[in-house]
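In: after the sequence you'll find the predicted model.
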Amino acid sequence: MSEIPAELRYASSHEWAKNDDGTVTVGITEHAQDAMGDLVYVELPEVGQVVAAGDEAGVVESVKAASDIYAPVSGEVVAINEALEDEPELVNNAPYEGGWLFKIQLSDESELDSLLTADQYQAQIDSE
Amino acid sequence: MSETQLIFQLSQPGRSAVSQAPKPVADDKLSAIPAHLRRKQKPGLPEVSELQVVRHYTNLSSKNFAIDKQFYPLGSCTMKYNPRGANRAAMLPGFLNRHPLAPESHSQGFLSCMFELQNFLKEVTGMKGVSLAPMAGAQGEFAGVAMIRAYHEARGDDARTEILIPEAAHGTNPATAVMCGYKVREVPVGKDGDVDLEALKQACGPQTAGLMMTNPSTCGVFERQIEAIAKTVHEAGGLLYYDGANLNAILGKVRPGDMGFDVIHMNLHKTFATPHGGGGPGAGPVGVSERLLPYLPTPMAGQRDDGSYHWVDTDTLTTSIGHMSAFMGNAGVLLRAYFYARSLGREGMIRVGEYSTLAANYLLKRLEAVGCTAAYPERRASHEFILTFAKEAKEWGVTAMDIAKRLLDYNQHAPTTYFPLLVPECFLIEPTETETKEALDAFVDAMAAILDEARNQPETVKEAPFTQPVRRLDDVKAARELDLTWSE
Amino acid sequence: MPYIPHTPDDVRAMLDAIGADSIEDLFDEIPAHLKAAGKLDALPEGLSEMEVTRLMNDRAAQDAGAVSFIGAGAYQHHIPAAVWEIATRGEFYTAYTPYQAEASQGTLQVIYEFQTLMTRLTAMDVSNASVYDGASGLAEAVLMSLRANRKSKSRKVLVPNALNPRYTAATNAIVENQNVALQRVDFDVASGQTPLDALQGFEGQDYAALVISQPNYFGSLEEVDALTDWAHASGMLVIAVVNPTSLALLTPPGEWGTQGADIVVGEGQPLGVPLSSGGPYFGFMCCKQKHVRQMPGRIIGRTVDLEGKQGFTLTLQAREQHIRRSKATSNICTNQGLAMTAATIYTSLLGPDGLASVAGHCHANTQALADKLTAIDGVERAFSAPTFHEVVLTLPKPANQVLAALAEKDVLGGVSLANDYGMVSPKLENAILVNATEVHSDADLDLFAAALKEVLA
C-alpha cells in the first residue's frame, strides 16, 4: 500500500497539493511514482508562468514512459524544485518531501475544495 | 565475446588507409576559399588502417542477431527472408550511378521499374493510384493523412479537426495525426479484439476527418466489422486510412481497396522483403482511391502513349501534397521490392498471405499446447498473434521482458514485447511464411523450456541473458547520465 | 514456391495441428465477398532469379554510360570497396531496429560511433542516429526549432532563397500542415550569397529560427559568422544545412559566429552512399546539448550492464512515438541504418586527411571545370562569391535546351536554374549549376568543355 498523507489534497491525475497560506506546493503521489518506475527526467514549468487548473505544467519521464503533470489549481508558478534537474530520483525516493515539483501562488482558494481528499484518492486507486 | 574497443580507440596520429582517398591537394589549389571560412583544426576522425576498419566492423557485425542467422518472430515487423538476388539487382552499376536528377532520356530503365512497381502495388491492394515517394512507413502515414487533410480543405470542409484511432494502434498513428495538424480521439477495442462499433458511432461526427486503422489489427486478428466501420466513417464524411503494417497477412487474399479504405500505406521492408538494415531504410508507398488521386505525393512515374516513361511532378499535378524528400524517395529499396514482386508474381503474392497465416496459426496452437496463454483464444490468428504472461508474472515474478531476454540464450530473437499496450505482459509473435516447420518447432521447444525454468528456477529467467556480448543493460543510467558521444 | 519452404507433408501436419482442413479455412473470419480471388489477373507470372536478374540488368544498362556533372544535393564520390562489402553483411543488412539491446550490440555501437563522428565533423555536442534524408531532416529541424526556442512564440522560420529549392519544397510540404510558415530571404544576384542587408527587414520581428546553408544551392560560400550572430542577436536559433564532405575544409557550424549554430542538418549521401537515383540516403542531425530532448529520431547512449561492462542502448526514448504517441517529437520510427552504417565505415576509412583530400579535389576540379567552360565564348560565372564544389554558369542560350543537346552526347551537364530562379533574375533563365568531384578526370572535364562548345556553336 502506498502512502497517502491525510493532510494533502489530490488530483485524479495523481498530483498532490499542499496549501501554505495561498502558496500551493505540487508533487506526484507515491502511487504515481511507483507506477512510473525510476524517473530519469523531470520537465518543470518556468517561474512566472501563469497556469489554469488542469493545464499541462510539466512532464515526468522514466525509461519506458512519459506522463504529463497537470496544475491542480490556477495561479502563478512562484518556485520550481531545481534539484530535480540533476536528481530526478528524488521524486521516487521522497515524493512528498524532497521530490516536490513546483509551487503555485493560488488565485482562487475555492479550487482546493474541488480536489480529492486522501480517502477519495485512495478510493480512486482501489478502483483502478 | 570480448568488449570491442571503439574505432576512435584504435586511432594513431599519422596512420591512414592510404589507398582509400585521392592524393592530397596542394594548398594553392584551395586559395579561392577565404581563410576565415576555413576550418582551423582538422576534425577528430579516426586515423586507422584499412584492415583495422574491416576487422572492427566485421567483429561488430557478429554481435548482432539477424534474419540471416536467427529466427526473428517480431510481431508487426514481418522479418521474412530478404532475397540476396534483390540486393544484387539493386546494386547494378546502372542503377547505383544514376543521378536522381538525370534527364528522362537517361532514366528509362529505372522509370520502367518504378512504373511497373506502382502498377503491381495498385493491383494487389485494389487502389486506384500509387506513389512510391514516402521513405518509410511513418512517412507513408504522414502522406496519407496529409492527403485526407488536402481533400477536406479542397472541399472547404475545414470543420474536420479530429482523427479517430483505435486504442491498440501503433504509436506512429497518433504521432502522425498530430504532425498533420489533427487532434486524436481514441476508439476503444472490445474483448474479442474488434473495434467497439457502438463507441465508434458515438465518436464519429462532423469533426471527423478520418479513421486510421490496421487490418488485421494490432491484436493479431482480422477486423470482422470492417464494412460497418467503413460505412460509419464514410457516412460521417470522414475517410478511412489503412495502416499497411500487417499487409503480409492478407496479401493476395483481401484487398484494402475492396474493404472500403480510401488511402493506405505499405511497408515494403515488411511485405515486400526488403531488408531492415538494423533500423532502416524502409519504403512506405501510398495508394489511394479515386477521390484522393489529385493529392498523391510526387514525383511518380508515368507512361506516354509511345511507351516511354516520364516523371509526374507538381508542375502538372498541382494539387499534390508535394515532395517528401529532396528527390524521389528510397529508390534502392523500391528496386529490391520490384525484384521481389517480379519473382513472386501473382501466385507468389497470394501464397504470402496464405503461408504466413498458416505458420502463425500453427505456432499459436503449438505454443498453447505447451502452456502459453493466448490473448484472443477464440479467434483465428492472422499472420501474428498475442500471448500474455500476466499469470506467470503474478505467480512466479517472471515478466514478458524476462522471457524475451531468456529467448536470446536459446538463440531465438525475442518477439515484440509489451505491444499492443492494452494486453498486459504480452508478446506479439509473427513467424512469417519463410520459416520452416522445424524452425517453428524449435521456437516452441525453447518456449516450453523457458516456461519450465520460470516455474522451477525463476532466477535463471529473471537474470537472462547469459550468452550475449553483454548482460542486461542499465537503461536508467543511460538516460540519467547521458553519454551520447565518445571523448578521449 | 519462391522463399516458402513448406512441403505438402509439412502443410498437412500444420493444418492437422491447427484442426483445419485447408489453408482457406484459416481465412474463414473474412467475409467471402471481400476476398481477392480472381481480382489479381493483371499481375504477371513469377520469374526465376535468373530471369528477373536478366530483366533488371537490361533496365540498368539503359541508364548507364553517360558522364555526369549533376550535383544539386547528391554527389558522385569514390566509395571504397570495403564500405558496402561490410555494410551488406547479413548481420547488418538483415537485422532489425536494435530494441533488444543485448542482441544488437553491433548496430548499437556503430550508431554510437556514428554519433561521435558527426559531432566531430560539425563541432556540435550531440547527434541522433540519422533521419530519412537531408531535405526531410530540415523539416524536422524546423519543427524542432519551434520547440527549442522558448523565447519565441513564432511559428515562422526564415529560409534563404539560395537554399536548395528541393529542400524548401519538401520542408514546406511537411511543416505546413502544422501551420508553420517559411519566410523566404532574398539572395544577392551579383554575389550569389545571402547578404545581411536582406535580413534587415526582419529585424525586431519574431521568428523561431534562421536557416543558413553552407555552401548554398549555388555552391556559393555564405558569410556564416555574420549571419549566425545576427540571428542570435535577434532571438532566433540557427539551423545550419551543410555538406559533410565540405566540413573537412570549412568552418564547422558549431564554430560559426560567437555561439555557433544550434541545430545542424544535412544530406549524408556524400559519405559513402551511392547516387542510386535518390536514395536510400540519410540525413544527419546534430544539436547543442541543451536541445537534446527536443531532437527527433533514435539516439544511442553508452551505459553498463549488470556486471559493470560497457554496453550500448537506445536512450531518451520518452521523446519517441512508441512511448509518447501523440506528443512525440516526431512520428519517425526508423533511422536510415544501413546507409548510416556505410557512412561510418567510409568516414573511418578516410580519416581526417582523406576526407580533406576528397574535399580538396572536389573544389579544385570544380574550379578547373569552371575555368575550362568559361573559356568558351558567352559562358560566364553567374556569381562572384567563392564556391566549394559547385558553380553556376550563364550560357548564351536557354539552359534547358543546352542540357538536352548535351544529354544527346551522353554528357549530363548539370541542372538548369530556369524553372526555380528564372523569375528572380533574367540571367538565371540561361544558368546551369555544375559540379565536379574527385571522380572526374581531366579527360572528363575536357569532354564536357568540347561538348558544350559544339552545342553552343
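Out: Nice, I can see it.
In: how many neighbours does the closest residue to residue B:76 other than its chain neighbours have?
Out: Closest residue in space to residue B:76, ignoring its immediate chain neighbours: residue B:245 at 5.4 Å, by Cβ to Cβ, 6 or more residues apart in numbering or on different chains. C-beta: built from backbone N, CA, C; applies to glycine. Applying other Cβ atoms under 10 Å in any protein chain shown, we find 28 residues neighbouring residue B:245.
In: phi, psi for residue 67 please.
Out: Reading this off chain A. In terms of degrees, to the nearest 10, the main-chain angles of residue A:67 are phi -140, psi 130.
In: can you look at chain C instead?
Out: Backbone dihedrals for residue C:67, given as degrees, to the nearest 10, come out at phi -100, psi 130.
In: quick check, pLDDT for residue B:3.
Out: On pLDDT, residue B:3 comes in at 64.
In: sorry, that was for residue C:435
Out: 98.
In: tell me if the helix or strand where residue C:138 lies is near chain A.
Out: Using DSSP states H and E, residue C:138 falls within helix C:134-148. No: in terms of Cβ under 8 Å from any Cβ of the partner chain, no part of helix C:134-148 sits within range of chain A; the closest distance is 11.6 Å.
In: give the buried residues for that helix.
Out: Residues C:134-146, C:148 are the ones in helix C:134-148 that count as buried (16 or more other Cβ atoms under 10 Å in any protein chain shown).
In: what residues go with each domain of chain B?
Out: Taking automatic domain parsing as the criterion, chain B consists of the domains B:7-61, B:85-343.
In: which of the ones you listed sits closest to residue B:376?
Out: domain B:85-343 (4.9 Å; Cβ to Cβ).
In: end to end, how far does the closest one reach?
Out: End-to-end distance for domain B:85-343, by Cα to Cα, to the nearest Å: 10 Å.
In: quick revisit: closest to chain B out of the buried residues of helix C:134-148?
Out: residue C:135 (3.8 Å; Cβ to the nearest Cβ).
In: from memory the closest one sits against residue B:322, does it?
Out: No: counting by Cβ atoms under 8 Å, residue C:135 stays clear of residue B:322, with 11.0 Å between them.
In: shared neighbours, these two?
Out: Here residue C:135 and residue B:322 have C:169-170 as joint contacts, going by Cβ atoms under 8 Å, 6 or more residues apart in numbering or on different chains.
In: ok, and the closest non-adjacent residue to the most centrally placed residue in chain A?
Out: With the centre of chain A defined as its mean C-alpha position, the nearest residue by Cα atoms, centre = their mean is residue A:27, 2.6 Å away. Counting by Cβ to Cβ, 6+ apart, residue A:27 lies nearest to residue A:100, which is 4.4 Å off, once chain neighbours are set aside.
In: got the contact list for that neighbour?
Out: Counted by Cβ under 8 Å, 6+ apart, residue A:100 has contacts A:25-27, A:81.
In: rerun that using 6 Å as the cut-off
Out: A:25, A:27, A:81 (Cβ atoms under 6 Å, 6 or more residues apart in numbering or on different chains).
In: do residue C:305 as well
Out: Here residue C:305 is in contact with B:470-471, B:473, C:311 (criterion: Cβ under 6 Å, 6+ apart).
In: same check, this time on residue B:294
Out: Residue B:294 neighbours (Cβ under 6 Å, 6+ apart): residue B:319.
In: quick check: it vs residue B:129, distance?
Out: Remark: distance between residue B:294 and residue B:129 (Cβ to Cβ, to the nearest Å) = 9 Å.
In: quick one, helices of chain A?
Out: A:30-36, A:89-93, A:118-127 (DSSP state H).
In: which ones are touching the residue of the stretch 101-250 of chain B found nearest chain A?
Out: Proximity to chain A, evaluated over the stretch 101-250 of chain B using Cβ to the nearest Cβ, is greatest for residue B:171 at 11.6 Å. Contact analysis of residue B:171 by Cβ under 6 Å, 6+ apart lists C:321-322, C:325.
In: next: residue C:77.
Out: Residue C:77 touches C:270, C:437, counting by Cβ under 6 Å, 6+ apart.
In: could you do residue C:417 as well?
Out: Residue C:417 touches C:428, C:431, counting by Cβ under 6 Å, 6+ apart.
In: from residue B:17, how far off is the nearest residue to residue B:96 once chain neighbours are set aside?
Out: With sequence-adjacent residues excluded and distances taken as Cβ to Cβ, 6+ apart, residue B:96 is closest to residue C:274, at 4.2 Å. Using Cβ to Cβ, residue C:274 is found at 19 Å from residue B:17.
In: let me know the average pLDDT across the longest helix anywhere in chain C.
Out: Ranked by number of residues, the top helix in chain C under DSSP H is helix C:337-374. Per-region confidence: helix C:337-374 scores 97 on mean pLDDT.
In: check which helices and strands it sits against.
Out: helix B:50-61, helix C:81-87, helix C:105-122, strand C:390-394, helix C:442-456 (3 or more Cβ pairs under 6 Å, 6 or more residues apart in numbering or on different chains; DSSP states H and E).
In: distance from the chain centre to the third one, please.
Out: In this case it means helix C:105-122. 17 Å (Cα atoms, centre = their mean, to the nearest Å).
In: ok, now which ones touch residue 125?
Out: Let's take chain A. Residue A:125 makes contacts with residue A:31, as judged by Cβ under 6 Å, 6+ apart.
In: wrong chain, I was asking about chain B
Out: B:255-257, B:264, B:287.
In: change it to 7 Å
Out: B:255-257, B:264, B:266, B:287 (Cβ atoms under 7 Å, 6 or more residues apart in numbering or on different chains).
In: save those residues as CSV, and put in pLDDT, neighbour count and secondary structure too.
Out: Output for those, formatted as CSV (pLDDT from 0 to 100; neighbours: other Cβ atoms under 10 Å in any protein chain shown; DSSP: H, G, I helix; E, B strand; the rest coil):
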residue, pLDDT, neighbour count, secondary structure
B:255, 97, 22, coil
B:256, 96, 26, helix
B:257, 96, 23, helix
B:264, 98, 28, strand
B:266, 97, 31, strand
B:287, 98, 30, strand
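In: and which of those residues is nearest to residue C:352?
Out: Nearest member of the contacts of residue B:125 to residue C:352, counting by Cβ to Cβ, is residue B:266, at 42.3 Å.
In: need phi/psi at the closest residue to that closest one other than its chain neighbours.
Out: In space, and not counting its chain neighbours, residue B:266 is closest to residue B:244: 4.1 Å by Cβ to Cβ, 6+ apart. Here is the backbone geometry of residue B:244 (degrees, to the nearest 10): phi -80, psi 20.
In: chain A contacts on chain C?
Out: C:317-318, C:323-324 (Cβ under 7 Å from any Cβ of the partner chain).
In: repeat that with 6 Å
Out: C:318, C:323-324 (Cβ under 6 Å from any Cβ of the partner chain).
In: hang on, the earlier thing: buried residues in the longest helix of chain C?
Out: For helix C:337-374, by 16+ other Cβ under 10 Å, it's C:337-367, C:369-370, C:372-374.
In: same question for stretch C:258-275.
Out: C:260-275.
In: pull out the CA atoms of it and give them to me as PDB.
Out: Provided in PDB are the C-alpha atoms of stretch C:258-275 (Å, rounded to 0.1, in the frame of the first residue of the first chain):
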ATOM      1  CA  THR C 258      30.400  33.700 -31.400                       C
ATOM      2  CA  GLN C 259      28.000  31.000 -30.300                       C
ATOM      3  CA  GLY C 260      27.800  28.500 -33.100                       C
ATOM      4  CA  ALA C 261      24.700  27.000 -34.800                       C
ATOM      5  CA  ASP C 262      22.000  25.500 -32.600                       C
ATOM      6  CA  ILE C 263      20.900  22.700 -34.900                       C
ATOM      7  CA  VAL C 264      22.800  21.200 -37.800                       C
ATOM      8  CA  VAL C 265      21.300  19.000 -40.600                       C
ATOM      9  CA  GLY C 266      22.500  17.800 -43.900                       C
ATOM     10  CA  GLU C 267      22.400  15.200 -46.600                       C
ATOM     11  CA  GLY C 268      24.800  12.300 -45.600                       C
ATOM     12  CA  GLN C 269      24.900  10.700 -49.000                       C
ATOM     13  CA  PRO C 270      28.400  12.100 -49.900                       C
ATOM     14  CA  LEU C 271      29.800   9.900 -47.100                       C
ATOM     15  CA  GLY C 272      30.000   6.600 -48.900                       C
ATOM     16  CA  VAL C 273      26.400   6.300 -50.200                       C
ATOM     17  CA  PRO C 274      25.900   5.800 -54.000                       C
ATOM     18  CA  LEU C 275      23.700   8.200 -56.000                       C
END
